[in-house]
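> No letters, just coordinates:
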């Protein structure tokens with residue numbers, strides 16, 4: 001069984017997230033998703049609209065996702081070993097430090113869609 005790990009904040013769940021997770025699932029048999037905690041998201045300069053419990057429930061509800069965990073720290077080799085991960089799916093070069101521990105699959109983000117963009121548009125709309 002090929003176990004795949006994907007990760008994200010997943011604030012304001014949208015088509016880009018679904019597409020990312022579908023592509024991650026296509027890399028193996030079992031998809032585990034780390035949802036970034038509220039604390040870690042804020043530390044990284046993000047301000048999630050939905051709290052971590054709601055974001056986890058949204059991701060858990062997707063049929064391509066097999067298991068969800070809250071992530072409150074940087075991803076480590078030990079975490080990958082504990083979950084028996086074969087492939088790690090990401091959208092960034094940031095996690096290259098794990099390349100000796102796991103096969104890293106980089107997936108491009110869906111163009112013209114992001115939680116940040118959606119939130120900006122909603123704020124603009126609410127000001128009318």
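Received the coordinates, thanks. All values derive from a computational prediction rather than experimental measurement. Numbering: from 1, shown residues only.

> Only C-alpha atoms from now on, for both contacts and neighbour counts.
OK.

> ok, residues contacting stretch 91-108?
Around stretch 91-108, the neighbours that count as contacts under C-alpha atoms under 8 Å, 6 or more residues apart in numbering are 20, 23, 76, 77, 80, 85, 86, 87, 88, 89, 90, 109.

> Average pLDDT for that stretch, rounded please.
pLDDT averaged over stretch 91-108 equals 92, rounded to a whole number.

> Next, report how far it is displaced from the centre of its chain.
Centroid separation for stretch 91-108 versus its chain: 13 Å, with C-alpha atoms, centre = their mean, to the nearest Å.

> Ends of that stretch, what's the gap?
Using C-alpha to C-alpha, to the nearest Å, one end of stretch 91-108 lies 6 Å from the other.

> List the buried residues for that stretch?
By neighbour count with 16 or more other C-alpha atoms under 10 Å, stretch 91-108 contains the buried residues 95, 101, 102, 104, 105.

> rewinding a little: write the PyMOL selection for whichever of the contacts of stretch 91-108 are buried.
Burial among those is assessed by 16+ other C-alpha under 10 Å; the matching PyMOL selection reads:
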select buried, resi 20+80+85+86+87+88+89+90
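
> Can you pick out the most distant pair from the contacts of stretch 91-108?
Taking C-alpha to C-alpha as the measure, the contacts of stretch 91-108 reach their widest spread between 77 and 109, a distance of 24.6 Å.

> Burial check on the closest residue to residue 69 other than its chain neighbours, number of neighbours?
Of all residues not flanking residue 69 in the chain, residue 34 sits nearest, at 5.0 Å (C-alpha to C-alpha, 6 or more residues apart in numbering). Residue 34 has 20 neighbouring residues, counting by other C-alpha atoms under 10 Å.
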